[in-house]
Structures are given as C-alpha cells and as structure tokens.
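when you get a sec, could you give me coordinates for this:
(2 chains)
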Amino acid sequence: MNRTLIYFALAGMAAVLQTVFFPLLLQGDFKPDLILLLVVYLGLHEDQWRGGLIVYLIGWFFDGVGGTFPGLNGFVLLAIFLAVRGIVTRVNTESSILLLLLVMAGTILQSFLVAFALDFFRQDISVLSQIAWQLPIQLLMNFVAAVVFLRLAVWLQRTFLPRRDLPGLRKLDRRYES
Amino acid sequence: MWEWWQRNRPLLLGAVLLLMALLWYSVNLRQQDETSFLERMVLGLTGPVQAGLDQLVSGAADVWGHYLYLIDTEKENRTLIENNRKLTATLAENNEVRLENERLRRLLDFKETQELATLPARVVAEDATSWFRTITIDKGSEQGVVEGMPVVVAEGVVGRVVRSSTHFARVLLITDASSAVASLLQDNRARGISRGKGERLVFDFVLRQEEVEVGDRVVTSGMGGVFPKGLTIGDVKSVDRREFGLFQAIEVIPAVDFSHLEEVLVLLRRPQ
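Alright, predicted model coming up:
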C-alpha cells in the first residue's frame, strides 16, 4: 500500500514538474516525460496485475493534465508497461543501461501508439508527421532526464536511506553491477 | 490445453487488458466535449498546486530577469517610446475606420451589436506532454467559464476551453493537432479551415484559383459557432499551389506567441 502511494505521489510530482517547471525552464513545447520513466520502472519491478492497475490509473490521472482524449494516456502507458513486462524475463534487468534503453524504446512506442490512437480512431486528426518530426528531440530529452533522475534517485537513496533496500534502486547502483 | 493456457496466460491477459483500455478510449471519444468527473477532480487537485508553484517559479524568474536585463532597459525604453508614437498615429487612423465601420453596420442593420463580455485569466500550467498543446487557466465554472468558450489575447486567437472545473479550466490551443478553426483570408475573403500542426498552422481547403500571397492575414470567419468573426489567427508563411488537386497547401504562422502566454481573455460566449 505504501509503495502504491509512493508511485502516485511520484506521478503527481512528475505532472507538476512537466506542467509548470519544465515549460518555464525550457521555454518551448518540448519537455522530458518523467511519467514514462516511472512506467518503465514499474514494468521492471511490479507484477502484471498490480503494476498494470497502477499504470492505468496513473494514465487516467495524466489525462487530466495532458492531452484532451480521456483514456488515451491510460492505453498508451499500459501498452508500454506490458511491453516491458513482456521482455523483463528475457533480459538482465540488473543494469541501468537497460533501463535507459527501455526509456528510449518506450518513447518510440509511445509516439507510435499516440499517432495510431489518434490517426486511426479520429479520421479528422493527423499527428503522424508532427510526432515523427518531434521524436528525435523527445528521445534526447527523455534520455537526459532518465540519466539525471536515475543518478539522483540512487544518490538520494544512498544518502538518506542507506539501510533501506528500495526496490530496484539498489540494482541501479553502479557498485552492484558486474 | 491447460498447459498452453498456463504458458500463455500473461500474454493473453495482457492483450485483454490492452484491448479493454483501447475500447474505453474509443468509447470516450464520443463524450470528448464534456468534462468527466475524474478530469474535474484531477483539474481541481492539480490546479491549486500548479498555480502556487507557477507563482513561485515566475517570481524567482522575475527577480533574476530584472537583474539580468537591467543593462538593456535604457535601450528598450527608447524603442518603446518610438513604438508608442507610431501606435498613437495608428490609433488615430483606426478610430476613423471604427467610426466608418459603425456607420456601415448600422446601415446594414447588423444584428450582432452587443459587445462580448470578457474574463481575464492567468495561465498557470501547460500540457504535461510534448505531443499536445493545451494550457490551464485559473478561472473555472464558478466564474462562468464552460466548455467551448473562445480564449484570446490582444494579438489574436489562443484557443477554446475544452475542460472546466470549479476554479480552473483547460484550453486547447489552436496549434494543437485536434484544433480546427473556420477561417478566411482578410484581403480576398477566401474561406478555409485553420488546423494546428504543432508550432504552426495549416490553412486547409482553400481553392487553387484563389489568389493567396505570403503575409496575408488569416482571421476567424465566425462560421464554426465558437469564435466570433474577425479575430486574428496568423499570417500566411508559405503557399504551395499544387499542380493537381482542388486545394492549395498554405502554411500559417500564428499571431500569438504561445511560448510566452501569461494572461488571456476568455470570451464569455457559449458556443452556438
């Protein structure tokens, strides 16, 4: 229960950062997607049912602050979560590089799914070309954000909760990598 | 069979979950014009936090900005005085046009004489994603803001209200891919639809035989029932009169600088 609340609190923080802080800081339409990072993390460390439900609810919450299509973020984030769950047993998850690669792959999948959900279900909207043009910048932004936030998370855990074994963070610590 | 089910259960259940999510999204597309209970709740919860943080961050940025740009103030002041002189001259000219317009309106028995009531609002947040273009304003249904109301600034059209909670509302910018505004060219009155394309707009459905020049002004036509007639949308950036087909490909640069939106005006007019 505590962990679930932490995930929702993190999603709330990410939403506020993405809607207020990043637009002022970056002065443009592009912003790193911290929710995506959270979803990839959940995909690596939560089981299908519990994680799926949390991700879908986060998606619904996210619909209130991003886009104007109810259910779109829920569908897209759930698909990314399930895709991560699908490969999690086949790869070595004890690597921060893998997590970075998954964030990149998640960004590509996300843009493809948004384009599919809008272009396919709404005939009057065409976002494919716009998304294709934005994708390289979004990839770069998400990559930088993932590097910064992962290092920050590990540092915070090591500094303030050295004896606590927070799920996943220990695995991301370079000292534990082989 | 049981073994097969056990082996493929996660995959099948995942597919069912995903299908249900897609179905729910598809069903919700029909009620897209209304604000759901959940959206109202999220807007109500995040709005005050966003407004508070926006004020805090803007305040800090202002202090830094004042310090940083102090050197340029004198130069900027001179430019502003010069601009003020020019604008005063333009205003005098515009007054003449306004009087003439009023006379013509009376002559044509123009019915829409009532001025629209406006409500100033502050922009407190932007869209959480990079794919969509929306903003959150600090006025909601309690102040009379409902879905469909046009939002403008002095430079031109900003967008329309798509979601509204008690004290906050979300505005779909005209540059969003799902935005379409009935428009016309101010000079030759050619009609079309201005669609959002990220940072710019495309002016669709303008017939090939229409004479369109780079720099022509695009304004609202008043046909869509959302925006009043004559609001500035932007200026034509490029025109491609294709060899085949009925229509031209026209690119429009919006008149409003959406990256520096701070205050907006909501036109308190319900969509017709």
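
what about the strands in the stretch 51-200 of chain B?
Using DSSP state E, counting those that start in this stretch, the strands of the stretch 51-200 of chain B run over residues B:118-126, B:134-137, B:150-153, B:156-164, B:169-173, B:180-185, B:191-197, B:200-204.

between the ones you listed, which one is closest to chain A.
strand B:118-126 (3.9 Å; Cβ to the nearest Cβ). C-beta coordinates here come from the backbone N, C-alpha and C atoms, glycine included.

ok, the closest one: who's next to it in the sheet?
strand B:134-137 (antiparallel), strand B:263-267 (antiparallel) (DSSP bridges).

so for it, mean pLDDT?
Per-region confidence: strand B:118-126 scores 89 on mean pLDDT.

cool, and stretch A:32-49?
89.

and the closest residue to B:T134 other than its chain neighbours, how close does it get to A:L102?
Excluding the flanking residues, the one nearest B:T134 by Cβ to Cβ, 6 or more residues apart in numbering or on different chains is B:D127, at 4.4 Å. Distance of B:D127 to A:L102, computed by Cβ to Cβ, to the nearest Å: 24 Å.

check which helix or strand residue 41 maps to.
Since no chain was named, I'll use chain A. helix A:34-45 (DSSP states H and E).

that's the wrong chain, I wanted chain B
helix B:37-68.

give me the pLDDT value at residue 145.
No chain specified, so I'll use chain A. 91.

other chain: chain B
Looking at B:V145, the pLDDT reads 93.

so who does it touch?
B:L119, B:A121, B:I137, B:K139, B:V161, B:S164, B:A169, B:V266, B:L268 (Cβ atoms under 8 Å, 6 or more residues apart in numbering or on different chains).

which intervals of chain A have sub-threshold pLDDT?
For chain A, the stretches flagged by pLDDT under 70 are A:1, A:94, A:163-178.

residue closest to the middle of it?
Ranked by distance to the mean C-alpha position of chain A (Cα atoms, centre = their mean), the top residue is A:L36 at 1.3 Å.

what is the neighbour count of the nearest residue to A:V127 once chain neighbours are set aside?
Leaving aside its sequence neighbours, A:V127 sits nearest to B:A177 (Cβ to Cβ, 6+ apart; 4.4 Å). Number of residues near B:A177 (other Cβ atoms under 10 Å in any protein chain shown) recorded here: 24.

which residues touch A:T68?
So A:T68 contacts B:Q32, B:F132, B:T134, B:V162, B:R163, B:R170, B:L172, B:D176, B:S178 (Cβ under 8 Å, 6+ apart).

that one and B:G148, how far apart?
With Cβ to Cβ as the criterion, A:T68 and B:G148 are 13 Å apart.

and stretch A:75-90, is it in reach of chain B?
Yes - judged by Cβ under 8 Å from any Cβ of the partner chain, stretch A:75-90 comes into contact with chain B at A:F75, A:L78, A:A79, A:L82, A:R85, A:G86.

and these, which are buried?
A:F75, A:L78, A:A79, A:L82, A:R85 (16 or more other Cβ atoms under 10 Å in any protein chain shown).

most widely separated two among the residues you listed?
Taking Cβ to Cβ as the measure, these span a maximum distance of 15.6 Å, between A:F75 and A:R85.

look up how far chain B lies from the residue in chain A sticking out farthest from the centre.
Distance from the centre of chain A peaks at A:D124, with 28.6 Å (Cα atoms, centre = their mean). To chain B, A:D124 is 7 Å away according to Cβ to the nearest Cβ, to the nearest Å.

returning to what we had before: pick out the most distant pair among the contacts of B:V145.
B:I137 and B:L268 (13.2 Å).

show me which of those two is the more surrounded one.
Each of B:I137 and B:L268 has its neighbours counted (other Cβ under 10 Å); B:I137 has more, 29 against 15.

list the contacts for the more buried one?
B:A121, B:R122, B:V123, B:V124, B:V145, B:V151, B:F168, B:A169, B:R170, B:V171, B:V264, B:V266.

top helix in chain A by residue count?
For chain A, the longest helix by residue count, based on DSSP state H, is helix A:128-160.
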